[in-house]
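Engineer: Sequence first, predicted coordinates after that:
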Amino acid sequence: MAKSKNACKHMNVKISTMLARTSAVVLIYPDKWPDDPFQAFCEVHENGEVWTVFQRRMGGLENFFRNWTSYKVGFGATDDEFWLGNEKLFFLTNQYNVKLRIDLRTIYGSYFYAEYDSFLLANESTNYTLTSIGIYSGNACLYSFYFNLTLITILPFC
């Protein structure tokens, strides 16, 4: 599961569940967002941190082999397996200071995570290039390298 911290917290969230510290699918309308409000899954951790989940894959029922347009606008069910959408992710990472967290759980119950203290995507004209990623922390083995000036991060189970 990939998440971005601060987006849900800073937006006009149209539900009261965030006040109750409950994770939920919410309708969000970011400041200056040029389109209609959209659904996002806001996950509230026990420590009070609120994260916007932008990808969830669990059982493999949702097809992630998609075309450009599908990844641009998003697909799947926000309360199940989904991709939020590159355009939304670009907008969110450029409007707020956000962190990136990747949570991985194996079929055997092992849990790994990687967290970066910043995260920034460029717009569609650059193919949504990852332009900045911050300092890593977590318990996942981490290997990073650059490919065509894009940071690629591999998180193998070790």
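Structural biologist: On my side now, so go ahead.
Engineer: Please tell me how far Asn47 sits from Val98.
Structural biologist: To Val98, Asn47 is 17 Å away according to C-beta to C-beta, to the nearest Å. Yep, even glycine has a C-beta here, placed from its N, CA and C like the rest.
Engineer: the more surrounded of these two?
Structural biologist: Val98 (26 against 5; other C-beta atoms under 10 Å).
Engineer: can you tell me how far the closest residue to Asp117 other than its chain neighbours sits from Asn97?
Structural biologist: Spatially, and ignoring its direct neighbours in sequence, Asp117 is nearest to Gly134 (3.8 Å; C-beta to C-beta, 6 or more residues apart in numbering). For Gly134, the distance to Asn97 equals 10 Å [C-beta to C-beta].
Engineer: what does Asp31 give?
Structural biologist: 14 Å.
Engineer: And for Thr69?
Structural biologist: 29 Å.
Engineer: The two: which has the busier surroundings?
Structural biologist: Asn97 (13 against 8).
Engineer: circling back: okay, and the common contacts of Gly134 and Asn97?
Structural biologist: Ser118 (C-beta atoms under 8 Å, 6 or more residues apart in numbering).
Engineer: Can you report how many residues lie near Glu43?
Structural biologist: So Glu43, with other C-beta under 10 Å, has 20 neighbours.
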